[in-house]
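Peer 1: all I have is the shape, not the residue letters:
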């Protein structure tokens, strides 16, 4: 139909030709498919309302630390540089600390001292973000899963620096949780040091105590044997005794020679009987002294085997004591060398502003994801319809 039409109108005796204007059309909204509403419009609307008016602010407190030892085997690269400034790499222990921070024990201590569950269940936090907001499960395991979503630990293999990020709904809460995690980790490292030191040093100390007891017992046994038998050192005493015997024999030989000379010169010499008595006495003395050295039941040679055994026991005990003392000193040095230190590189701080949620970005992301979903489903539905036709 044209925009306007000419019609013939009869008015009495005259015919009138006039223009008749068509009725104006009403405005209609474009028809929106249910699929578009479901995948794009409603999610975007919800995201706008939630991120614009409901979502709670999230503050992130971050700290960095490294676990170091006083000494480590030389390594290349950044590890060598860290060792040069006294920050030797101790990756295994850093993983231990990180594992503790993400453990149930750490969460229990946080809940006991900082009322973690109560803080994150507060009505001041929006229902979607608070603990137990949508889920009726408020068990400790559910709290632990919630905790893992709010504490993040990353480890840089190159620099051996570990970063701890704590998310909370207030700057003070994020700071307190991060600070307490580091304090508990420092305590854990100290406990590891104490246990390692005690195990190493205690074993060495016990060995020293046993060696001291053996050395003392050996020394007492040797001293008792000396006191009981009236000897100090059979070998040394035998040497002295043999020297005495040697002198007596020299005197005996000299006396015999003198006697022979006197007899040859004058058989009636009055000194001859005296020389006979002296020679007889010297023979008796030589035999007696020889008996003290060897042969008799209480000679030095009879005492020597048992005495030498006691001396060897004493010497062995003394050497063993010295070895255990050296081991104890080495154990102490090793314990000091393997001491661990949690060095704070970046201390926890109170965030000045909330880093999450990123409202505009989340809103746009929801819209774009909805569009992609709507486009993909539309193509899929159109393909199915075409296949059916």
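Peer 2: Yep, that arrived. On a predicted model such as this, the values are computed, not experimentally measured, just so you know.
Peer 1: got the contact list for residue 102?
Peer 2: With contacts defined as CB atoms under 8 Å, 6 or more residues apart in numbering, residue 102 is in contact with 148, 151, 153. Every C-beta, even on glycine, is put in place using the N, C-alpha and C of the backbone.
Peer 1: counting contacts, what elements does the longest helix seen in the chain pack onto?
Peer 2: In terms of residue count, the longest helix belonging to the chain (DSSP state H) is helix 171-229. Judged by 3 or more CB pairs under 8 Å, 6 or more residues apart in numbering; DSSP states H and E, the packing partners of helix 171-229 are strand 59-68, helix 91-101, helix 104-114, strand 162-168, helix 300-337, strand 341-346.
Peer 1: and the ones you listed: which comes nearest residue 184?
Peer 2: helix 104-114 (6.0 Å; CB to CB).
Peer 1: what's the first helix or strand after the closest one?
Peer 2: From helix 104-114 onward toward the C-terminus, using DSSP states H and E, the following helix or strand is helix 116-120.
Peer 1: now do that next one, average pLDDT.
Peer 2: Here helix 116-120 scores 92 as its mean pLDDT.
Peer 1: in it, what's buried?
Peer 2: Using 16 or more other CB atoms under 10 Å as the test for burial, helix 116-120 gives 116-117, 119-120.
Peer 1: what's the answer for stretch 97-112, then?
Peer 2: Going by neighbour count (16+ other CB under 10 Å), the buried part of stretch 97-112 is 97-98, 100-102, 106-107, 109-111.
Peer 1: in the stretch 1-150 of the chain, which spans are helices?
Peer 2: Assigned by DSSP state H, counting those that start in this stretch, the stretch 1-150 of the chain shows helices spanning 34-36, 42-49, 78-84, 91-101, 104-114, 116-120, 140-148.
Peer 1: returning to that earlier point: so which of the buried residues of stretch 97-112 is the closest to residue 321?
Peer 2: For these, the nearest to residue 321 is residue 97 (40.1 Å; CB to CB).
Peer 1: so what's the closest one up against?
Peer 2: 65, 67, 162, 185, 188-189, 342.
Peer 1: next, the angle from the longest helix of the chain to helix 104-114.
Peer 2: Interaxial angle, helix 171-229 versus helix 104-114 (axes from the mean of the first three to the mean of the last three CA atoms, to 10 degrees): 110 degrees.
Peer 1: how big is the angle separating helix 171-229 from helix 140-148?
Peer 2: 110 degrees.
Peer 1: how far is helix 171-229 from where the chain is centred?
Peer 2: Distance of helix 171-229 from the chain centroid (CA atoms, centre = their mean, to the nearest Å) equals 17 Å.
Peer 1: model confidence over that helix, on average?
Peer 2: Helix 171-229 comes out at a mean pLDDT of 82.
Peer 1: same thing with stretch 43-61?
Peer 2: Averaged over stretch 43-61, pLDDT sits at 90.
Peer 1: would you turn the helices of the stretch 1-150 of the chain into TSV with distance to residue 274?
Peer 2: Output for the helices of the stretch 1-150 of the chain, formatted as TSV (distance: least, CB to CB, whole Å):
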stretch	distance to residue 274
helix 34-36	149
helix 42-49	138
helix 78-84	92
helix 91-101	94
helix 104-114	103
helix 116-120	114
helix 140-148	113
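Peer 1: worst mean pLDDT among those?
Peer 2: Per-stretch mean pLDDT for the helices of the stretch 1-150 of the chain is lowest at helix 78-84 (a mean of 44).
Peer 1: buried residues, stretch 36-55. List them.
Peer 2: By neighbour count with 16+ other CB under 10 Å, stretch 36-55 contains the buried residues 36, 39-41, 43-44, 47, 50-51, 55.
Peer 1: actually stretch 139-151, not the one I wrote
Peer 2: Using 16+ other CB under 10 Å as the test for burial, stretch 139-151 gives 143, 146-147, 150-151.
Peer 1: how about stretch 122-136?
Peer 2: Across stretch 122-136, burial judged by 16+ other CB under 10 Å covers 125-126, 129-132.
Peer 1: can you list the buried residues in stretch 151-169?
Peer 2: Residues of stretch 151-169 classed as buried: 151, 153, 159-169 (neighbour count, 16+ other CB under 10 Å).
Peer 1: correction: stretch 270-281
Peer 2: Neighbour counts over stretch 270-281 (16+ other CB under 10 Å) mark 275, 278-279 as buried.
Peer 1: from the residues you listed, which is closest to residue 61?
Peer 2: Lowest distance from residue 61 to these (CB to CB) belongs to residue 278, with 108.4 Å.
Peer 1: residues contacting the closest one?
Peer 2: So residue 278 contacts residue 255 (CB under 8 Å, 6+ apart).
Peer 1: which element is it on?
Peer 2: Assigned by DSSP H and E, residue 278 falls in helix 271-293.
Peer 1: mean confidence (pLDDT) on that helix, please.
Peer 2: In this model, helix 271-293 has an average pLDDT of 68.
Peer 1: and stretch 260-268, by the same measure?
Peer 2: Stretch 260-268 comes out at a mean pLDDT of 72.
Peer 1: i'd like the first residue to be 26 from this point on
Peer 2: With 26 as the first residue, the last one maps to stretch 285-293.
Peer 1: residue 234 is nearest to which of the helices of the stretch 26-175 of the chain?
Peer 2: Minimum separation from residue 234 across the helices of the stretch 26-175 of the chain (CB to CB) falls at helix 116-126, 31.2 Å.
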